[in-house]
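[1] mind folding the following:
(chains A and B)
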Amino acid sequence: MNTAVLEEVRSPMNKAIHVSLPDATTPTDPSANIVSVRGITKFYGSDVHALEDVNLDFPTGQMTTLLGPSGCGKTTLLKIIAGLLDSTSGEVMVKGKTVTSPGPERAFVFQDFALLPWATVTRNVAFGLELTGVPLKEREAKAKTYIEKVGLSGFEDKYPHELSGGMRQRVGLARALAVDADVLLMDEPFSAVDEQNRRKFQEDLLHLLSVEKKTVIFVTHSIEEAVYVSDQIVLLSPRPGRIHSIIRPELDRSSSPDDIRRDKVYLDTVEEIWGNIREYLD
Amino acid sequence: MTTTASPDTAGVEPSVNSTGLRFSGLQLRLMSIVGFFLAWEISGHVPISPAFPTFSATIMAMLEMIFDGSLFLAYFETLKPLALGVGISAFFGVAIGVSMGLNKKSRWLWEPIFVVLQASPVAALIPLITYAYGIGLTAKTVAVIILASPIIVLNTYKAVGNASPVLVQMSRAFQGTRMQEIWKVIIPNAAPVIFAGLRLGVAAGFIGVILAELLITPTGIGDIISYNRSIAKYPHMYAAVLSIIVFSAVMVGLLEKAEVKYFRPEKKRGH
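    Below you'll find the model as predicted:
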């Protein structure tokens, strides 16, 4: 297979572009792709086959979404990249080095927030820094900066149970940003956040990421969310998870959020992905 | 964005009853206590049994024993095996429980012992303890440990074993070491259940020490209870019983305060 070449450019009206897949032998370019996975296969026990020979590149500074029907192994793949799960075979490379455990260049945002209930917002945001031994004063100052960036100023001394779902996830995001990792791994970060807050949060996230210049790997089951936030969408097939296709929705990110959601490319891409996922549901 | 209702008012929020009267939480709590003592006073006057004194007679007897110093002397005796037994049970119980929660081999080693101990009628074992350890402080301390430790160990083990997998994963994702994971995540996460076990363990320790003082040799509070029963001074007997209940409740309450202060500060603000 010819690598990293556009396999198909659709009609000029619809600019969603399909990209060919790398295979297990494709050499990776660490300057272009900060994270690469090669030949990842995962079995749970002997009978549950979660992932089959997944090869993927994650371009530096871009947002890649892992999308697919439930049970397609997208969270499994994300946790393998995070080093939280071992793959049965294959390897994960971050900045050109093979990794098997969590590292400082990756930070994780959890679906159900994973905040310490007994710790204040400040301590939760600083927890990643606390674990790596950053002195108290320094990590609290850093936490304060990121609490402000995610819009939680004034809530520094609150406990998680005093916050709404959306606010709790902002704490989770601030914690991940505070450790200053190059790659943010986000596991369905908005699934426990209500619809109105989710939209606002998506917009804030895009804004924040454009400032912070992070590479993001984002798991979601929402097609609209994937198309709205992503530079690159990886569509996975159901168990065992394989890559169905890679789509790059070429949206004009400079227009307003409402305009993006009315954009033809946005709507067509959503429809197309839905058409693909529907096959699996029938 | 809105914040939740001001937590400072939680607990003193006035509640309205059907007659439109408003009571604060504190007033309702006092009413519960006063109501109980009132019912006691009335049933003492009925009387339920000649051996059942009124509340006022019991309080008079308690004051008498406080002022002649006999109650303090008795507590001094009772507290020795109690403090020793509860201290040993708490320290080793939590340590063993934590190790069982973290390590399969430790679980296999300890679980059968404590499950059997918890299920067994301990009062029946006390004669055995006196054969082994005589009638002194050691025997009474052992009685306290046998009663207190299974609850502490098993609660700690359950709490640690059921530590939130998401929080553990979070700690790993942010490069926490195994020790950090245990000290900063698993133990604080388990603290409410560990402390529930400690409170139950302390309460069981009180049962143990009174049992020991009634069944092994009459000393301390157990002596006051059995002596006054034998000479039919029932108000004094009940005063000793009441004092031990109050003392036990205060100890348990202090433990709860310590838990909130050192491990779960978020509980101060209610839910």
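[2] wait, doesn't B:Asp223 sit right on B:Ala74?
    Yes - shown here, B:Asp223 and B:Ala74 form a contact pair, counting by CB atoms under 8 Å, at 6.6 Å. C-beta coordinates here come from the backbone N, C-alpha and C atoms, glycine included.
[3] output the helix or strand containing A:Met167 in PDB with nothing but the alpha carbons.
    For A:Met167, the enclosing helix or strand under DSSP states H and E is helix A:165-178. Listed next in PDB are the C-alpha coordinates belonging to helix A:165-178 (Å, rounded to 0.1, in the frame of the first residue of the first chain):
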ATOM      1  CA  GLY A 165     -20.500  17.300  36.000                       C
ATOM      2  CA  GLY A 166     -19.200  19.900  33.500                       C
ATOM      3  CA  MET A 167     -17.100  21.700  36.100                       C
ATOM      4  CA  ARG A 168     -15.700  18.400  37.400                       C
ATOM      5  CA  GLN A 169     -14.500  17.500  33.900                       C
ATOM      6  CA  ARG A 170     -12.900  21.000  33.600                       C
ATOM      7  CA  VAL A 171     -10.900  20.000  36.700                       C
ATOM      8  CA  GLY A 172      -9.900  16.800  35.000                       C
ATOM      9  CA  LEU A 173      -8.800  18.800  31.900                       C
ATOM     10  CA  ALA A 174      -6.900  21.300  34.000                       C
ATOM     11  CA  ARG A 175      -5.100  18.400  35.800                       C
ATOM     12  CA  ALA A 176      -4.000  17.000  32.400                       C
ATOM     13  CA  LEU A 177      -2.900  20.400  31.100                       C
ATOM     14  CA  ALA A 178      -1.000  21.200  34.300                       C
END
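[4] just checking it against chain B, any contact.
    Yes - using CB under 8 Å from any CB of the partner chain, helix A:165-178 comes into contact with chain B via A:167, A:175.
[5] other SSEs contacting that helix?
    For helix A:165-178, the contact count by 3 or more CB pairs under 8 Å, 6 or more residues apart in numbering or on different chains; DSSP states H and E identifies strand A:106-109, helix A:121-125, helix A:127-131, helix A:136-149, strand A:183-187, helix A:195-212 as packing neighbours.
[6] if you set the cut-off to 10 Å instead, what comes out?
    strand A:106-109, helix A:121-125, helix A:127-131, helix A:136-149, strand A:183-187, helix A:195-212, helix B:165-173 (3 or more CB pairs under 10 Å, 6 or more residues apart in numbering or on different chains; DSSP states H and E).
[7] in a markdown table, list those along with distance to A:Ser230.
    Conversion of the helices and strands packed on helix A:165-178 to a markdown table gives the following (distance: least, CB to CB, whole Å):
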| stretch | distance to A:Ser230 |
| --- | --- |
| strand A:106-109 | 16 |
| helix A:121-125 | 26 |
| helix A:127-131 | 25 |
| helix A:136-149 | 22 |
| strand A:183-187 | 12 |
| helix A:195-212 | 10 |
| helix B:165-173 | 22 |
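[8] compare those and say which comes out lowest on pLDDT.
    The minimum mean pLDDT among the helices and strands packed on helix A:165-178 belongs to helix A:195-212 (a mean of 81).
[9] residues touching the residue nearest to the spatial centre of chain A, list them.
    Centroid-nearest residue in chain A, with CA atoms, centre = their mean: A:Phe218, separated by 1.6 Å. Listed by CB atoms under 10 Å, 6 or more residues apart in numbering or on different chains, the contact partners of A:Phe218 are A:63-67, A:74, A:78, A:109, A:184-190, A:205, A:225-226, A:229-230, A:233.
[10] and whatever helix or strand it lives in, which strands flank it?
    Assigned by DSSP H and E, A:Phe218 falls within strand A:215-220. Counting by DSSP bridges, the strands paired with strand A:215-220 are strand A:63-67 (parallel), strand A:183-187 (parallel).
[11] just name the most buried of those.
    strand A:63-67 (a mean of 26; mean count of other CB atoms under 10 Å in any protein chain shown).
[12] just want the angle from that strand to helix A:195-212.
    Orientation check (axes from the mean of the first three to the mean of the last three CA atoms, to 10 degrees): strand A:63-67 against helix A:195-212 gives 140 degrees.
[13] tell me, how many residues neighbour B:Trp40?
    18 (other CB atoms under 10 Å in any protein chain shown).
[14] now do the one 4 residues further on
    As a burial measure, the neighbour count of B:Gly44 was computed by other CB under 10 Å and equals 20.
[15] any idea how far it is from chain A?
    Taking CB to the nearest CB, to the nearest Å as the measure, B:Gly44 and chain A are separated by 46 Å.
[16] relative to B:Thr54, how far out is that residue?
    Using CB to CB, to the nearest Å, B:Gly44 is found at 3 Å from B:Thr54.
[17] residues touching A:Arg262, list them.
    If you count contacts by CB under 10 Å, 6+ apart, then A:Arg262 has A:255-256 around it.
[18] if you set the cut-off to 6 Å instead, what comes out?
    By CB atoms under 6 Å, 6 or more residues apart in numbering or on different chains, no residues touch A:Arg262.
[19] how about the residues of chain B that lie near chain A?
    B:4, B:166-167, B:169-170, B:172-176, B:180, B:188, B:264, B:266 (CB under 6 Å from any CB of the partner chain).
[20] tell me the most packed of those residues, by neighbour count.
    Neighbour counts for the residues of chain B next to chain A peak at B:Met170, which has 27 neighbours (criterion: other CB under 10 Å).
[21] ok, back up a step: return the most buried member of the helices and strands packed on helix A:165-178.
    strand A:106-109 comes out most buried of the helices and strands packed on helix A:165-178 by mean count of other CB under 10 Å, with a mean of 27.
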